[in-house]
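Enquirer: sequence unknown, structure follows:
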């Protein structure tokens with residue numbers, strides 16, 4: 001009985017922190033424009049991209065970041081991948097722009113997943129994240145290792 005309670009607690013804890021049973025982040029998918037070549041991405045590179053440390057794709061195309069302003073997918077992504085809070089992420093990018101380390105066009109903020117998805121679908125170098133329910137054939141999901 002105790003073993004069963006411990007197992008249930010572990011599952012609830014894993015779900016609560018946004019991790020699925022398989023160890024993959026839950027609550028979002030990394031999406032790119034459909035024109036991007038198929039590729040896997042290392043988690044460390046994904047983090048560098050969303051922190052503005054990697055600014056071009058391997059083929060030289062400029063990376064265009066698309067992020068949500070708020071919401072569950074945003075919070076899960078920022079916490080799970082970047083190990084930041086949403087406020088820390090926002091502050092990080094404001095400092096980066098104001099210090100000259102980035103421009104205001106390096107990152108685009110969206111109020112809705114629909115508008116973020118439309119941007120990704122229309123911009124060849126773009127990358128963002130969407131909840132699994134928002135993904136459709138207008139964007140490409142890329143696996144993260």
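Expert: Done, it's in. All values derive from a computational prediction rather than experimental measurement. Numbers count the residues shown, from 1 in each chain.

Enquirer: While we're on the most centrally placed residue in the chain, how confident is the model there?
Expert: The centroid of the chain falls nearest to residue 129 when counting by Cα atoms, centre = their mean (4.2 Å). You'll see residue 129 listed with a pLDDT of 95.

Enquirer: got a list of what residue 134 touches?
Expert: If you count contacts by Cβ atoms under 8 Å, 6 or more residues apart in numbering, residue 134 has them with 73, 113, 114, 117. Backbone N, C-alpha and C define where each C-beta goes, glycine included.

Enquirer: Could you identify the most distant pair in those residues?
Expert: Distance extremes for the contacts of residue 134: the farthest pair is 73 and 114 at 12.3 Å, using Cβ to Cβ.

Enquirer: between the two, who's got more neighbours?
Expert: residue 73 (22 against 11; other Cβ atoms under 10 Å).

Enquirer: Which secondary structure elements does the helix or strand harbouring the more buried one sit against?
Expert: If you go by DSSP states H and E, residue 73 is part of helix 72-77. Under the contact criterion of 3 or more Cβ pairs under 8 Å, 6 or more residues apart in numbering; DSSP states H and E, helix 72-77 touches strand 64-68, strand 126-130.

Enquirer: mind listing what's buried in it?
Expert: By neighbour count on 16 or more other Cβ atoms under 10 Å, the buried set for helix 72-77 is 73, 74, 75, 76, 77.

Enquirer: and of these, the nearest to residue 45?
Expert: Using Cβ to Cβ, residue 77 comes nearest to residue 45 of the buried residues of helix 72-77, at 14.9 Å.

Enquirer: OK, contacts around the closest one?
Expert: Residue 77 neighbours (Cβ under 8 Å, 6+ apart): 25, 27, 28, 67, 129.

Enquirer: Could you measure from it over to residue 57?
Expert: Applying Cβ to Cβ, to the nearest Å, the value for residue 77 to residue 57 is 20 Å.

Enquirer: same question, residue 66
Expert: 14 Å.

Enquirer: Which one's more surrounded, these two?
Expert: A side-by-side neighbour count of residue 66 and residue 57, using other Cβ under 10 Å, places residue 66 first with 23 against 17.

Enquirer: From what I see, the more buried one and residue 122 are in contact.
Expert: No: applying Cβ atoms under 8 Å as the test, residue 66 and residue 122 come out as separate, 10.4 Å apart.
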